Every structure is written in structure tokens, then in C-alpha cells.
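Undergrad: sharing a sequence plus its predicted fold:
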Amino acid sequence: MVEKVSYLMEHFSKIKPGEIVLIEYTPDSFYPIAFYVLATYSLKLGLPLLIDDILDTLHLYKTYLDFAGLNTDFLYSEDVFVLKIGGHKEVGNVVSEIRLTGEFYIQYENYKAAFDSILSQRDFFINIVLGFDRLTDLYPSYQRYLFLLTRTHYLGNKRRTAFYFVNRELLKKTPLVLPIFEEISTSVVRLEKEGNTILVTFLKSPYPSLVGSQFKFSIEEMLNYLKEGL
């Protein structure tokens, strides 16, 4: 298991600063474990985290991980910066909060100010975005796509590498959102459950050697390995 996880993370290490990585998951794919591996591995490498917590999604992830017996104390580390957007459950080291509004432009400017302020505090961040898929129904259709396209504003910003965790089944219910998101992302990774295993597939990447790469992990073996310490 150690070798398999290390090999997978070596693949992720090929992802460069400034990229947007879309991680599509199915509801049964144990996706909080993928978040846990990415977050704790990044911290182990000395890379600070900026977590966008949209509509209390981080609370859901933490609760699942707690039930699974994994230690979530890392969320309160001084190297973890939580930007909370909407919701009421404060989880982790929350350094900024933004209220959700129905006005797209106000929402965008508020987010940009908070994001830039946090980004200025370190040289580089791994930026994990949770709950972005839940925002797609908050705006009228034309504003929804404008909101989605604002992600291109951050594409190429070498102060961070972004990982968006999204529910594939949820996004498929809103026309064009998933295809547009896949198009503007530099890399697309899919998480799926097959029996008692999790399948990780690189669907898109600017690096040809990554495209089509697949990894299978036993859910039970992965949990036992993580409980022993990544």
C-alpha cells in the first residue's frame, strides 16, 4: 500500500503550479479519503493549504473522516487556511468568511479580495475547493456560466495549484456546467467505486504520460494504512 500511494502521489507531483485540477467523484466513491490523502500529503511536504469551504462542505468531509477513524486535527494547523463561503459550521482554521449573495458580481469581488489577501501570506498554496458544485444553482443560467468562467482568472497563477472536488452526478443535472468545467481545467481525475476498491483515473492532463493512468486501492487496506499514519 505504501508503494501504491507513493506512486500515485508522484503522479500528482507532476502537476505544476498554476494548474486547475478537477477531481470528479461519484457519491459512493469514498471521496473524503482522497481529500485526506491530498491534504495530509501536501502538509507533509511542507506545502500550506488553502481550503475553500463552500456551504459547510468541509464539515461533511470532516464528519465522514472522523467516523472512519482518521485524525482530522490537521485542519486546525497554522499551515491550513480555511476560506469559508456561506454556511454556519466553522471547521478548521477559518481565516476569512464570505456571505453568499444572489448578486454574482458582488460575490466575485468579495471572494477575490479574500482570496488575494490569504494568498499574500505565503509563497505558494495547495488550494482545495470543496462544494463548488453546490453553487451552480444559486444564480440565473447566464450568471452561472459567468461564475464558472471566473475560474479562468486564476488559471496560470503560480502562487497556487487548485484541486476542485465535485460531485459528477450533481453537475450532470445542470446543462453545460460539467463540460465547461472540464474544458477550463488543465487536468481531470475521476474517482469511482468498483466493488470494494476505489479506481482513480487520469482522464485529462497536459502531460501525455499521465493520460489514461489508473490506480486501484482496496478501501479497507487504504483506511488501515492511513490510520497508521501517511
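TA: Alright, I've got the coordinates. Residues are numbered from 1 along each chain as shown.
Undergrad: what residue ranges in the chain are flagged as low confidence?
TA: For the chain, residues meeting the criterion pLDDT under 70 lie at 1-4, 7, 102, 137, 230.
Undergrad: burial measure for Ile126, as a count.
TA: 22 (other CB atoms under 10 Å). Every residue, glycine included, has its C-beta placed from N, CA and C.
Undergrad: who are the contact partners of it?
TA: Leu38, Ala39, Ser42, Leu47, Pro48, Leu49, Leu50, Arg160, Thr161, Phe163 (CB atoms under 8 Å, 6 or more residues apart in numbering).
Undergrad: what about Asn71, how many residues close to it?
TA: For Asn71, the count of nearby residues is 13 (other CB under 10 Å).
Undergrad: measure it to Glu228 for me?
TA: The gap separating Asn71 from Glu228 is 11 Å, by CB to CB, to the nearest Å.
Undergrad: next: Gly156.
TA: Distance from Gly156 to Glu228, by CB to CB: 38 Å.
Undergrad: tell me which stretches of the protein form strands.
TA: Using DSSP state E, the strands of the chain run over 20-25, 49-54, 80-85, 94-98, 125-130, 160-167, 187-194, 197-204, 214-218.
Undergrad: and the fifth one, which strands flank it?
TA: Yep, that's strand 125-130 we're talking about. Paired strands of strand 125-130, with direction, are strand 49-54 (parallel), strand 160-167 (parallel) (DSSP bridges).
Undergrad: and the contacts of the last one?
TA: What that stands for is strand 160-167. So strand 160-167 is in contact with 15-27, 31, 34-35, 38, 50, 119, 124-130, 132-133, 154, 181, 185, going by CB under 8 Å, 6+ apart.
Undergrad: for that strand, C-alpha coordinates in PDB please.
TA: Listed next in PDB are the C-alpha coordinates belonging to strand 160-167 (Å, rounded to 0.1, in the frame of the first residue of the first chain):
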ATOM      1  CA  ARG A 160      -1.200  28.100  -6.100                       C
ATOM      2  CA  THR A 161      -2.300  24.800  -7.600                       C
ATOM      3  CA  ALA A 162      -6.100  24.200  -7.300                       C
ATOM      4  CA  PHE A 163      -7.900  21.000  -6.800                       C
ATOM      5  CA  TYR A 164     -11.700  21.100  -7.200                       C
ATOM      6  CA  PHE A 165     -13.700  18.200  -5.700                       C
ATOM      7  CA  VAL A 166     -17.100  18.000  -7.400                       C
ATOM      8  CA  ASN A 167     -20.000  15.500  -7.400                       C
END
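Undergrad: that strand: how far from the chain's middle?
TA: Put simply, strand 160-167 sits 3 Å off its chain's centre (CA atoms, centre = their mean, to the nearest Å).
Undergrad: the shortest one now?
TA: Taking the mean C-alpha point of strand 49-54 and that of its whole chain, the gap between them comes to 8 Å (CA atoms, centre = their mean).
Undergrad: who's in contact with it?
TA: 39, 42-43, 58-59, 75, 79-87, 91-92, 94, 115, 118-119, 125-132, 134-135, 160.
Undergrad: which among the strands paired with strand 125-130 is found nearest to Val200?
TA: strand 160-167 (13.0 Å; CB to CB).
Undergrad: by how many degrees do the longest helix along the chain and strand 80-85 diverge?
TA: In the chain, with assignment by DSSP state H, the single longest helix is helix 104-119. Here helix 104-119 points in a direction 170 degrees away from that of strand 80-85 (axes from the mean of the first three to the mean of the last three CA atoms, to 10 degrees).
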